[in-house]
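In: Sequence first, then the predicted structure:
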Amino acid sequence: MPGATTSGAELELNLNPTDALRLGATAAYLRAKYHGRYLSLDDFSQASFDADGKTLNDSPLWSGSAYGQYTFHLANAALSLRADGLYKGKVYYSPLNDPREAQRSYTLVNLGARFESPTGWELGVVAKNVAGVRYITAAYYAFSSAGTPGEPRTVAAYFKYGF
């Protein structure tokens, strides 16, 4: 019977070494393979093939994240600075595991700053993908190989009020 076999492990670590400092990290290992006579279609040649033993779509062998946040406790307010990163290993977007429908491993870095007042309002700025890494989140065949682009470098400011 065609199907898939997966195995893996995840690790998460959160530390608060001081009242002001928060650190954290995750790591994941995933082995995900098609098994059995799993017939699929080659997007480029339109020929059928058996995907047995190929890696499942969008299944990185390794992935992980890390963050650090430091909060300055001011008189009647708080200022927090944060940095985080995300790593995603190489993935394929078709059972063929064709490199034309794949994304190589990449790392994204995000930065943020937040000011919190004791009266319930908050002001912040967030910068995502600060290095401007170009990556795709899906791939497909439409007369040629194409992909859905990931988020570009973005910067946003926000204001929040809680009552």
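Out: Structure received.

In: got the buried residues for stretch 6-22?
Out: Using 16 or more other C-beta atoms under 10 Å as the test for burial, stretch 6-22 gives residue 22. C-beta here means a position set from N, CA and C on the backbone, and glycine is covered the same way.

In: Sorry, wrong one. I was asking about stretch 28-38.
Out: Buried residues in stretch 28-38 (16+ other C-beta under 10 Å): 28, 30, 32, 33, 34, 38.

In: and the next element down the chain from the worst-scoring helix or strand of the chain on mean pLDDT?
Out: In the chain, no helix or strand scores lower on mean pLDDT, DSSP states H and E than strand 39-41, which sits at a mean of 79. Later in the chain than strand 39-41, the nearest helix or strand by DSSP states H and E is strand 48-50.

In: Tell me the helices and strands packed up against the helix or strand that comes right after that next one.
Out: Toward the C-terminus, strand 48-50 is succeeded by strand 62-74 as the next helix or strand (DSSP H and E). Under the contact criterion of 3 or more C-beta pairs under 8 Å, 6 or more residues apart in numbering; DSSP states H and E, strand 62-74 touches strand 21-35, strand 77-88.

In: got these as TSV, with mean pLDDT and distance to residue 15 columns?
Out: Shown next, in TSV, are the helices and strands packed on strand 62-74 (pLDDT from 0 to 100; distance: least, C-beta to C-beta, whole Å):
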stretch	mean pLDDT	distance to residue 15
strand 21-35	97	5
strand 77-88	98	14
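
In: To residue 101, which of the ones you listed lies closest?
Out: strand 21-35 (15.0 Å; C-beta to C-beta).

In: one step back: let's have the helices and strands packed on strand 62-74 in a markdown table, adding distance to residue 69.
Out: Listed next are these as a markdown table, based on distance: least, C-beta to C-beta, whole Å:
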| stretch | distance to residue 69 |
| --- | --- |
| strand 21-35 | 5 |
| strand 77-88 | 4 |
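
In: Thanks a lot, see you next time.
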